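Asker: sharing a sequence plus its predicted fold:
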Amino acid sequence: MPKELLPIIDRPIIQYAVEEALAAGITKLVFVTGRTKRAIADHFDAAPELERALEDAGKSDLAAAVRDTLPSHAHAVYIRQRAPLGLGHAVLCAQPAVGNEPFAVLLADDFIMPGTNSANPTASLREAYAASGRSQILLQDVPPSEAYKYGIAIPGTEPGTIAGLIEKPAQGTEPSKLASIGRYVLHPEIFDVLAQLSPGRGGEIQLADAIDRLARKGRVGAIMLDGTRHDCGSHPGYLGAIVAAASRHPEIGPEFRALMAARLSAPEQVD
Ligand code: G1P
């Protein structure tokens, strides 16, 4: 099963990213997938038999949830990346569908829960892009011992800008503690840069390397994450995403918080 389809309570991880994009006003969704990820397109497809069975059983709320995996005002394009040549290459694969327009990139396995009073990160990046005309990345402070897992920003002299982005720096060489996390709003000028890049870290075409080139020309801004991020590619991160979503869930939230509180106060007595 693609990890993007692992459930967080009752919806797959990727559904949350799609809802974030839709809430940010995006209606054209381009999924760049690979050989093992056909189930993603199936998830967003219509499921008339299941809908009818749920309606017949009187479960119209569940039928609506099945129908609304992709609302009718949105449309999806599926593109197959024929070989895993890197995130930058995956973004370049989307160029025919994106065209010469600014666009957002959401890495679905970075599950983000915005702060209680803040907009979703894609909407905030979109706003920063509109105000500046520059590509925008999302940053989060990470401890130096974790920096090697991320693209790390070189802070710019102008506030809200970056001067460079170093993909997965070797330990001890990180230029800051500002890690780029999985949300971007990019100017289409990035496609020309991506098309000319040589493979970088891990022999892959890295999106961070293209952003670095644009940043060195003063073309990249950044905003800080307001909220929490959970890397669903790791077991603790996946569990953290479930805990974050369940704690704030309108129906099961109160019961879940009580369960967590009971477990924390007497871990040996609760099974
Ligand atoms: C990718 C990017 C990296 C970024 C990270 C955020 O790395 O290449 O720059 O910091 O996502 O999650 P990956 O996690 O795919 O190795």
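Answerer: Cool, the structure landed. Source: prediction; values computed, not measured.

Asker: going forward, measure contacts between C-alpha atoms and count neighbours the same way
Answerer: Noted.

Asker: can you give me the distance of the closest residue to residue 82 other than its chain neighbours to the ligand?
Answerer: Of all residues not flanking residue 82 in the chain, residue 34 sits nearest, at 6.4 Å (CA to CA, 6 or more residues apart in numbering). Noted for residue 34: a distance of 15 Å to the ligand, by CA to the nearest ligand atom, to the nearest Å.

Asker: hmm, residue 34 is touching residue 85, no?
Answerer: No - Residue 34 lies out of contact with residue 85 (CA atoms under 8 Å); the separation is 10.9 Å.

Asker: what number of residues lie near residue 247?
Answerer: Here the number of neighbours of residue 247 (other CA atoms under 10 Å) works out to 18.

Asker: number of residues surrounding the closest residue to it other than its chain neighbours?
Answerer: Sequence neighbours aside, residue 253 is the residue nearest to residue 247 in space, at 4.7 Å (criterion: CA to CA, 6+ apart). A count of neighbours around residue 253, defined by other CA under 10 Å, yields 16.

Asker: quick check: residue 265 vs residue 259, distance?
Answerer: 10 Å (CA to CA, to the nearest Å).

Asker: repeat for residue 217
Answerer: Counting by CA to CA, the gap between residue 217 and residue 259 amounts to 52 Å.

Asker: repeat that for residue 23.
Answerer: Here the distance between residue 23 and residue 259 works out to 31 Å (CA to CA).

Asker: where does pLDDT dip in the stretch 151-271 of the chain?
Answerer: 269-271 (pLDDT under 70).

Asker: ranges for the strands of it?
Answerer: Shown for the stretch 151-271 of the chain, the strands assigned by DSSP state E, counting those that start in this stretch span residues 151-155, 162-167, 178-186, 220-224, 227-231.

Asker: how about the last one, does it get close to the ligand?
Answerer: No - in this structure, strand 227-231 remains apart from the ligand according to CA under 6 Å from any ligand atom; the gap is never smaller than 7.1 Å.

Asker: tell me how many other residues surround residue 232.
Answerer: 22.

Asker: tell me the contacts of it?
Answerer: Neighbour list for residue 232: 3, 109, 110, 111, 238, 239, 241 [criterion: CA atoms under 8 Å, 6 or more residues apart in numbering].

Asker: by neighbour count, which of these wins?
Answerer: Most neighbours among the contacts of residue 232, by other CA under 10 Å: residue 111, with 27 neighbours.
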